[in-house]
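[1] only geometry, no sequence info:
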């Protein structure tokens, strides 16, 4: 396994299916048909095909409707409650949030590998609604990550996350896709 004692792509033993970590994406809102959705699907398909070789299994995208509450704090609370029901099975939560930590692609891959190697079997990476995440979710998350201080449309965040998940598998396997 890739872990603290091995280099990505080197000295990697085959990963057994019981060593896999299932990764799901939770997103508030629905993605409409079009080129954005096609690009997300293309990267998620690549991730699904390359992930098992490094112990990462794609578990799908879970979309929940945006809250219709009048006030932003209430909308965030309602959206957080929907996400908590998905975490009831003991899944580890990683939030994407503008206040999160910026990571390089190799660091993101390393964190995924570390969660897998630490025995985490279910990971949910959550993209919040237009108002962001409720503070209680940020407090409960294993990690809060950011794609930068800029505000991104949710469609682009999905594309970037899908690409980074695929990139992470290539980094962990030593594939030349990541050239930095």
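    Perfect, I can see it now. All figures in this text were calculated on a predicted structure; none of them were measured in a lab.
[2] mind checking pLDDT for residue 51?
    Here, the pLDDT recorded for residue 51 equals 97.
[3] Please name the nearest non-neighbouring residue to it.
    Nearest non-adjacent residue to residue 51, counting by CB to CB, 6 or more residues apart in numbering: residue 169, 5.1 Å away. C-beta: built from backbone N, CA, C; applies to glycine.
[4] Am I right that the one you found is in contact with residue 48?
    No: at 9.6 Å, residue 169 and residue 48 do not qualify as touching, with contact defined as CB atoms under 8 Å.
[5] which is the next helix or strand following the longest strand anywhere in the chain?
    Longest strand in the chain, counting residues (DSSP state E): strand 92-102. Note on strand 92-102: by DSSP states H and E, the next helix or strand toward the C-terminus is helix 105-117.
[6] Looking at residue 169 and residue 48 now, which is surrounded by more residues?
    In this view residue 169 and residue 48 are compared by other CB atoms under 10 Å, and residue 169 has more residues nearby, 26 against 18.
[7] element containing that one, please.
    Under the criterion DSSP H and E, the helix or strand holding residue 169 is helix 154-173.
[8] same for that helix, what does it pack against?
    Under the contact definition 3 or more CB pairs under 8 Å, 6 or more residues apart in numbering; DSSP states H and E, helix 154-173 sits against strand 21-28, helix 35-50, strand 56-64, helix 105-117, strand 122-127.
[9] between the fourth one and helix 154-173, how many degrees?
    The one in question is helix 105-117. Orientation of helix 105-117 against helix 154-173 (axes from the mean of the first three to the mean of the last three CA atoms, to 10 degrees) gives an angle of 70 degrees.
[10] Please tell me how far helix 105-117 is from the chain's geometric centre.
    Chain-centre distance of helix 105-117: 11 Å, with CA atoms, centre = their mean, to the nearest Å.
[11] Show me what counts as buried in that helix.
    108-113, 115-117 (16 or more other CB atoms under 10 Å).
[12] which residues of the protein score low on pLDDT?
    Counting by pLDDT under 70, the chain shows low-confidence ranges at 1-18, 180.
[13] Provide a list of residues in contact with the spatially most central residue of it.
    Residue closest to the average C-alpha location in the chain (CA atoms, centre = their mean): residue 125, at 3.5 Å. Residues near residue 125 by CB atoms under 8 Å, 6 or more residues apart in numbering: 23-26, 94-96, 161.
[14] Which strand residues bridge it?
    Judged by DSSP bridges, the bridge partners of residue 125 are residue 25, residue 94.
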